[in-house]
Structure formats: C-alpha cells, structure tokens
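Visitor: Model the structure of this input:
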Amino acid sequence: MFPHSLAELDALKNDCKAMVNKRAGLSAVAAVIPIPGADIGADMTLLLEMLPAINQKFGLSPAQIASLDPQLKKIVLIGITSIGSQLIGQVITKPIILQILSRLGARVASKSVAKFIPILGQALAAGISFGAMKLVGNAHVDDCYKVAKQALLATQKISK
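Guide: Below is the predicted model:
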C-alpha cells in the first residue's frame with residue numbers, strides 16, 4: 001500500500017535507510033570471514049532479502065503494483081521506466097543480483113584480494129563490502145522514494 005502523505009513517505013525512507021545500514025553491517029562482518037566466496041554468498045543473500053523488502057515497504061512489489069487502480073498503476077510504471085530501475089516492481093532473482101554485483105566488479109574483486117592481507121586487509125574488505133552494500137541499498141531506496149512520491153503527488157492531484 002502506498003503512503004498517504006509525504007511525512008509517511010519520508011518515514012518509510014528513513015526506515016529503509018536504517019535497514020540498508022544494518023544489512024551493510026552484516027555484509028562487512030561476512031567480508032571478514034577468510035573463506036573464499038563466503039562474502040559473495042552472504043551479499044547475494046542479503047540483497048535477495050533486502051531489495052524485495054524495500055519494494056514491499058514502498059508498496060512497489062510486483063503483487064502490490066498489479067493490484068493498483070489502472071490509472072495509478074500507469075503512473076507507477078511510467079515512474080519506474082523514467083528512472084530506469086530494473087529492481088522496482090520486479091521479482092528479484094539471483095541473476096539480477098549477479099548483474100548488480102558485476103557492476104560493482106572492481107569493488108568486489110578488490111575486496112576478495114584485500115581479505116588475504118593480514119589484519120589490515122580484512123578491515124579494508126569489510127569497509128569495501130559495507131560501502132558497496134550501502135551504495136546499492138540506498139540507491140534502491142532513493143529510486144523507490146522517487147516513484148512513490150510521483151504516485152502520491154499524482155494521486156493528490158487526481159483527488160482534488
């Protein structure tokens with residue numbers, strides 16, 4: 001369900017940003033584990049959980065969008081298209097997550113290499129992992145916020 005006011009929408013954005021920070025922290029912890037590939041698996045799991053949860057909170061999951069009034073659904077779909085999001089209103093799958101991680105390729109690669117430098121490398125890997133997860137999560141929150149705000153403003157104009 002869409003938020004009914006800008007204040008409610010702002011509160012959702014803050015909640016989602018807090019969720020992103022928590023998941024980024026978990027990603028950083030996973031990056032410290034000196035098992036090759038464990039951090040990538042953890043990041044995939046975190047993203048597979050976090051991205052749909054953000055969509056859900058903003059009322060932008062595939063099921064929520066499908067159940068919208070046709071006029072509002074059109075506004076939402078145009079908003080999604082205009083910002084170029086591949087994550088809003090979509091079922092988030094492993095191939096989509098792999099595509100996101102491949103866009104962060106240099107960071108993921110440097111994180112993997114850094115892990116094997118004693119002490120300092122693990123801290124560096126944790127920092128890179130935290131930053132990458134936060135970057136992806138916050139960008140998605142911002143995109144969802146823009147689409148939900150467009151829909152909210154359009155709904156308010158229609159009801160006047």
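Visitor: alpha carbons only for contacts and neighbour counts from here, please
Guide: Will do.
Visitor: where in this structure is pLDDT low?
Guide: Applying pLDDT under 70 to the chain flags the ranges 1, 36-37, 104-121, 159-160.
Visitor: hey, which helix is longest across it?
Guide: In the chain, taking DSSP state H as the definition, the longest helix is helix 120-159.
Visitor: buried ones in that one?
Guide: 121-134, 136-138, 140-141, 143-152 (16 or more other Cα atoms under 10 Å).
Visitor: Sort out which residues of stretch 13-25 are buried, please.
Guide: By neighbour count, and taking 16+ other Cα under 10 Å as the criterion, the buried residues in stretch 13-25 are K13, C16, K17, M19, V20, N21, R23, A24, G25.
Visitor: Excluding chain neighbours, what is closest to the fifth one?
Guide: In this structure, V20 finds its nearest non-sequential neighbour in G137, 5.5 Å apart by Cα to Cα, 6 or more residues apart in numbering.
Visitor: Touching, the one you found and A18? I think so.
Guide: No - the criterion here is Cα atoms under 8 Å, and G137 misses it with A18 at 10.2 Å.
Visitor: Which of the three states applies to H4?
Guide: Of the three states, H4 takes coil according to DSSP: H, G, I helix; E, B strand; the rest coil.
Visitor: swap that for Q90, sorry
Guide: coil.
Visitor: Contacts only, for it.
Guide: With contact set as Cα atoms under 8 Å, 6 or more residues apart in numbering, Q90 has these partners: S61, P62.
Visitor: export stretch 28-39 as PDB, just CAs?
Guide: Taking only C-alpha atoms (Å, rounded to 0.1, in the frame of the first residue of the first chain), the coordinates of stretch 28-39 have been written out as PDB:
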ATOM      1  CA  ALA A  28      31.000  -6.100   6.400                       C
ATOM      2  CA  VAL A  29      31.000  -8.900   9.000                       C
ATOM      3  CA  ALA A  30      30.800 -11.500   6.300                       C
ATOM      4  CA  ALA A  31      33.700  -9.900   4.400                       C
ATOM      5  CA  VAL A  32      36.000 -10.500   7.400                       C
ATOM      6  CA  ILE A  33      35.500 -14.300   7.200                       C
ATOM      7  CA  PRO A  34      38.600 -15.700   5.500                       C
ATOM      8  CA  ILE A  35      36.700 -18.300   3.400                       C
ATOM      9  CA  PRO A  36      36.800 -17.500  -0.400                       C
ATOM     10  CA  GLY A  37      33.400 -16.700  -1.800                       C
ATOM     11  CA  ALA A  38      31.600 -16.600   1.600                       C
ATOM     12  CA  ASP A  39      31.200 -12.900   1.400                       C
END
